[in-house]
Structures are given as C-alpha cells and as structure tokens.
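[1] Following is a predicted model, sequence given first.
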Amino acid sequence: MQTTTIPATPEQAAIGRDRTGGLFTAELPADARIDGEWVTAPGATGEGAVVYVHGGGFQHTDPERERVLAYHFSAAARRPALRVEYRLAPEHPYPAALEDALAAYGEVLRRGIPAERVLFVGESAGATLILSMLLELKRTGRSLPGGAVAISPSTDLTLSSESLTANDGKDVISRAVLTTVAADYLGGADPAGAPQSPIHGKLGGLPPLLIAVGGDEILLDDARRFAAAADAAGVSVQLDVYEGMPHAFHLSAEAGTLLGRIGDWVEAPVREYPVSGPKAGPYAVASGPDGALWFTLVHEGGIGRRSAGGELSLYSVGAGPTVIAAGPDGAMWFSQYQDHRIGRIS
C-alpha cells in the first residue's frame, strides 16, 4: 500500500474548515455540457465514464453542488461523469441507496461503455456506497469498474475505529452525529455485515483504489483500516491523508490538490499489487492455462497464483524457485536452482 501525507499550513487547515474559496460556493462552469444527470467538462473524451455517488449522510442531496463536483471529477478523470440519484434514508434505509447506485452503473454499461473504462467516485456517504457497490458486484459475479476513488468513507458501521473518539472535537462532524446517521441508514440491518459495512467484506479481487481522508476526520481510521485490509487482500491501494483537514475537506480550496491527485492516479501507467511479505522476493511471472497469473517467490520458497478475480493462493515448494512456465500438460513447471530440480504444480 502506498500512503501519502498531504501537508497543510494552519491557514490552509482553517480554509478547509471554513470552505472559503472552494467548490462549496462555486457555480457550474459555463463550459459544462449537461445531458440529464451527465456532466461533461471540456477535454473529457467520452471514452469511459465517471459514476459519481454523492455524500450527505445518506439523507441529503444538493443537486447544484453535486453537478459542480461531477464537472470537476469529469475534468480530473477526462471522461463524462454521471451524477447518481438514490433514495434517501431514513424513509428508504439500506439497501435502497445501494440498489439505486448499482442500477445507475448498469445503465452506464448498457450504453456500451466497457467496465474497465468506468471509474467510481464517491464522497462521504457516497464513498461508503461505492465500496459497497464493489463488494456486491464481486459477490454476484458482475463486471467490476476499472478503479474507484473513495473520499472520506465510513467503512465500519459498528463505529469501532479509534479516531471516532480521538478526533471527536477536531472534526466538523461528531461521533454522535455519525451514530445517528449510521442507525438511520441501516434501518435495522447488521452494522457488522457486508456490503453495508465494507470493511467486513471479502476484499480480494477489488479493482485499484484511491482513498483520500482528512487527518483530523473522525473517519481517519475507517479509511486507514480499510486501505490496510484491502492491501493485505492483494488490492492495489493508494491512501492519501490530508494533514489537519476535517470531513468534507474536498469542498474547500484543498479540492484543487485532491483533483490533481485523482487525475495523476487515473493516468498512472503502473499499478502495484501486493502478493507476499516484504522479503519473499517475487521473481518470475507466467500466464497459466487456468487464466490465472502464476509467480515464484524465490526467497520464500513458494509458488503464488493470482486468479482473474484477484484472489491469491500461495504454495510452499522448497528452495529457490525461479523461472516458471505453463507446460503442455496443463500444469505449471518451475526451476529450483538451489537444489538442482524442476517442479510441477497442477
């Protein structure tokens, strides 16, 4: 997992709290192209889509502000953005919002846009929803998007993260507020269940993730814990922590930094996927007849397998496996230079 701390001066942190000069008060730029709930910024190619799920504690929506955000996410990702409307709690508790967001993604795919060219972006409650969407899509065997950006997600609705207490009073929202929000959203559903509480799901096989959170947020550890768990499950994760920033910092002047980070991350040519401990020594990789990627762990004495869905399996085989290749018998064959053998794994 890559973790980046974005520093802030006291003045910048104050602006982040006051929303001065940020997107919160901005109007939709005149060069925005609007088609229903699709918002397209100049330079967006049309080759793909952003599925943007708004925040608001699962209970509120502000379409004008959300269209401004959709515009900026469109510009950052260089593709049109769909602002997702979903039913709101407490009148419509879980899983209503999740069902609506999944239906919107289905409509994007029915337009002929390839799943790998779709980027999920969610803020606050919307960030929780996009992580829930990923888990539900994986569980049901549906196509996953190419990546997801989660800004200040609540990932554990049991409210077990230490920062809920440690940062209470520093943030613009409180533990008491989050307790009410979670109860209204769940409507009796299990707070320790998945996908409604994303950290309790099976995270292996999720697409690359960019997670952004403010350093003074009560949700700081929700973001950290989810990022660490996804990383341990073999997911490519970038965690950005904005020093001194409260919840909804992305509505402030700090939004420019965040949008730049999103643009760079979307365009990054390399994704890294953890497969073992830091000293295991992944050495060679080969495509298997089962559609999986197979690799050697030369220092750990193991063979690894990463399925098409991202699940990892590790097998102990002895000293120094190096080169690996698919054989004509449907098995994988590898060399073990330290004990002068070749090995076969079915």
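    Thanks, I have it. Residues are numbered from 1 along each chain as shown.
[2] Report the buried residues of stretch 270-286.
    Pro274, Val275, Ser276, Ala280, Gly281, Pro282, Tyr283, Ala284, Ala286 (16 or more other CB atoms under 10 Å). Yep, even glycine has a C-beta here, placed from its N, CA and C like the rest.
[3] and which of these is nearest to Val121?
    Pro274 (23.9 Å; CB to CB).
[4] Could you confirm that closest one falls within a strand?
    No. Under DSSP: H, G, I helix; E, B strand; the rest coil, Pro274 sits outside any strand and is assigned coil.
[5] Next, the contact list for it, please.
    By CB atoms under 8 Å, 6 or more residues apart in numbering, the residues touching Pro274 are Met1, Asp231, Ala232, Gly234.
[6] So the first one versus Tyr273, what's the distance?
    Met1 sits at a distance of 11 Å from Tyr273 (criterion: CB to CB, to the nearest Å).
[7] what's the answer for the third one, then?
    Distance of Ala232 to Tyr273, given as CB to CB: 12 Å.
[8] Which parts of the protein are helices?
    10-18, 63-77, 96-110, 125-139, 163-166, 175-186, 220-232, 255-267 (DSSP state H).
[9] which stretch among these comes nearest Ile211?
    helix 220-232 (5.1 Å).
[10] How far away from the center of its chain is that closest one?
    10 Å (CA atoms, centre = their mean, to the nearest Å).
[11] Repeat that for stretch 197-214.
    5 Å.
[12] Give me the mean pLDDT for it.
    The average pLDDT for stretch 197-214 rounds to 96.
[13] ditto for stretch 309-324
    88.
[14] same deal with stretch 164-177?
    95.
[15] Start and end of that stretch, how far apart?
    11 Å (CA to CA, to the nearest Å).
[16] So which residue is dead centre in this structure?
    Leu209 (3.5 Å; CA atoms, centre = their mean).
[17] Could I get the pLDDT score of the closest residue to it other than its chain neighbours?
    Spatial nearest neighbour of Leu209, excluding adjacent residues (CB to CB, 6 or more residues apart in numbering): Val237 at 4.9 Å. Per-residue pLDDT puts Val237 at 95.
[18] OK, contacts around Val237?
    Met1, Gln2, Pro208, Leu209, Ile211, Ala227, Ala230, Asp231.
[19] and the gap between it and Ser307?
    19 Å.
[20] Pro7 too?
    On the measure of CB to CB, Pro7 and Ser307 end up 39 Å apart.
[21] How about Gly169?
    Applying CB to CB to Gly169 and Ser307 gives a distance of 45 Å.
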